[in-house]
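Q: quick one: sequence plus predicted model below, questions after.
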Amino acid sequence: MTGKPFILGLTGSIGMGKSAVAAMFRGLGVPLFDADAAVHELQGPGGACLAPIERAFPGTTGPAGVDRQKLGAAVFGDPEALKLLESIVHPEVGEMRRAFLADNAAAPLIVFDIPLLFEKTGEHGLDAVLVVSASAAQQRERVLARPGMTEEKFERILALQVPDAEKRARADYVIDTGVSLAETRHAVQQLVHALTA
């Protein structure tokens with residue numbers, strides 16, 4: 001062991017139980033960097049991305065941070081605007097990630113929770129990728145139970161995500177969340193033991 005943490009990327013399509021598995025890693029004391037939470041912080045009140053986002057997209061921020069609906073409307077269907085937004089946010093998330101790595105350099109295992117790992121960020125800097133997965137029927141049932149979710153919205157989200165079968169094929173590890181919570185937790189524990197042994 002060189003004393004460098006093993007870096008595991010955690011990802012999975014919508015409704016596959018990624019948040020539950022992330023919580024299990026945290027519960028086992030594994031440091032976990034949540035990319036979505038980092039973006040929320042950067043775009044929240046006093047966030048580092050507020051001023052540059054306001055300059056690029058006037059009227060999309062306020063005292064409460066980024067107005068997600070206004071910003072979403074400003075970049076929706078406009079690849080150039082989306083690229084500009086990503087050029088503001090991604091370097092800041094990268095900085096937070098580096099700081100997190102430095103703070104947890106002594107940990108044997110670090111998890112990066114990256115929702116769009118295959119779609120956007122790629123596997124750069126990761127030692128392995130874990131995909132959480134369940135059956136398409138379970139996924140549909142979970143997602144459609146969410147408040148404000150419709151069949152159309154679900155289909156749109158699915159169309160933007162790399163198909164689950166492809167994620168599973170590209171993953172180093174797959175954890176099935178279509179079983180009981182206890183079984184999923186056991187699988188997470190086994191993986192943590194295997195990676196830290």
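A: Structure's in. What do you need?

Q: when you work out contacts or count neighbours from here on, use the C-alpha atoms and nothing else.
A: Fine.

Q: for the lengthiest helix in the chain, the distance to its chain's centre please.
A: With secondary structure taken from DSSP state H, the chain has its longest helix at helix 79-103. Helix 79-103 sits 13 Å away from the centroid of its parent chain (CA atoms, centre = their mean, to the nearest Å).

Q: now whichever helix or strand comes after that helix against helix 79-103, angle please.
A: Counting by DSSP states H and E, the next helix or strand C-terminal to helix 79-103 is strand 109-113. Relative orientation of strand 109-113 and helix 79-103, computed by axes from the mean of the first three to the mean of the last three CA atoms, to 10 degrees: 160 degrees.

Q: buried stuff in strand 109-113?
A: Buried residues in strand 109-113, counted by 16 or more other CA atoms under 10 Å: 109-113.

Q: other SSEs contacting that strand?
A: strand 6-11, strand 32-34, helix 181-196 (3 or more CA pairs under 8 Å, 6 or more residues apart in numbering; DSSP states H and E).

Q: in this structure, what spans have low per-residue confidence?
A: 1-2, 121-123 (pLDDT under 70).

Q: mind giving me the domain ranges of this structure?
A: Listed by automatic domain parsing, the domain ranges of the chain are 1-31+108-197, 35-103.

Q: isn't Q138 right up against G178?
A: Yes. Taking CA atoms under 8 Å as the definition, Q138 is a contact partner of G178 at 6.9 Å.

Q: compare those two (neighbour count), which wins?
A: G178 (18 against 14; other CA atoms under 10 Å).
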